[in-house]
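Enquirer: What shape does this take:
(4 chains)
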Protein chains: 2
Amino acid sequence: MKLLIEQLLDMLKALSDKTRFRIFWILQKADAELCVCEIIDALDENQYNVSRHLKILKFSGLVKERKQGKFVYYSISRAGTKVYQALLDMVSSISDKQLPYDAYRLKQRLARRVNGRCVIGMH
Amino acid sequence: MKLLIEQLLDMLKALSDKTRFRIFWILQKADAELCVCEIIDALDENQYNVSRHLKILKFSGLVKERKQGKFVYYSISRAGTKVYQALLDMVSSISDKQLPYDAYRLKQRLARRVNGRCVIGMH
DNA sequence: AAAATATATGCATATATGTGCATTTATATA
DNA sequence: TATATAAATGCACATATATGCATATATTTT
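Expert: This next block holds a predicted model:
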């Protein structure tokens, strides 16, 4: 699978913003689909910024989305290039200690899932 | 060795600019110190921009410099963190085919070294 | 000491980027 | 059908960033 350098630069630029890095980091950490409202809670950020940053991440190819009802689920795209894998390795080498609040809030929020699914929404 | 997330973000931001990525890429490819004038020739970019981008790369921790006489030599910093290694892996997975001109000009320019050292300067 | 050369930097400017707020769109539910 | 809710987006604005040009700094050579 081929990756144009411009696409790699888009991924790097996407990850170089702290909010987007944190989003990608929790998606990688959760290792599962997260709905937007869960991401909002995990980061303690506002809705419109999370939404906008998710769009940029999606456009860069780092994440993918799946719509289901009124929820939209995001997850890492798992594109099979060496470059993507190296990026993923880099992100996953960041430990919980470096993003303790995000890690904690994500855990708290995921604990409220029912049958492994988000049932809360925004509040 | 510890890496603050802010430092990682600085590295990512540094690499997300195409000119800086190309500089870092040829430094990694050369696997050796390059003087500024060699970098200028390899990229076919102007002097002041190369100089400024090198400063940003240095500040991010991606490269280091060594002054010798009126020449300044830059090289990858080889910091021993997992994160840095993953970044390096990512960059080195970009083949010559994706930056053919830079690769070619670098090769041509390095061929003009004498006893492994730059003797041309700018011209 | 003067001139030449390698590299860095200050200033001006155009473009890109991130964010706040208000609003829209899409879907579900009463 | 009306209402509620999840998510996305248009506009305004402040800040960041990249670049061109001119010039400064540092070192070597004459």
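
Enquirer: Contact residues of chain A facing DNA strand C?
Expert: A:13, A:17, A:19-20, A:46, A:48-49, A:52-53, A:56, A:67, A:69-70 (CB under 7 Å from any atom of the strand). In this view, the C-beta of every residue, glycine as well, is placed from N, C-alpha and C.

Enquirer: Just give me the closest of those to DNA strand D.
Expert: A:Tyr48 (3.0 Å; CB to the nearest atom of the strand).

Enquirer: That closest one should be in a helix, yeah?
Expert: Yes - with DSSP: H, G, I helix; E, B strand; the rest coil as the criterion, A:Tyr48 is part of a helix.

Enquirer: For A:Lys70, see how far away it is.
Expert: Remark: distance between A:Tyr48 and A:Lys70 (CB to CB, to the nearest Å) = 17 Å.

Enquirer: what do you get for A:Gln47?
Expert: For A:Gln47 relative to A:Lys70 (CB to CB), the value is 14 Å.

Enquirer: Comparing these two, which residue is more hemmed in?
Expert: A:Gln47 (12 against 7; other CB atoms under 10 Å in any protein chain shown).

Enquirer: how about stretch A:101-111: buried residues?
Expert: Using 16 or more other CB atoms under 10 Å in any protein chain shown as the test for burial, stretch A:101-111 gives A:102-103, A:105-106, A:109-110.

Enquirer: Give the residue spans of chain A that score low on pLDDT.
Expert: In the predicted model, chain A carries pLDDT under 70 at residues A:1-2.

Enquirer: which bits of it sit near DNA strand D?
Expert: A:35-37, A:40, A:47-48, A:51-52, A:54-55, A:65, A:70-72, A:120-123.
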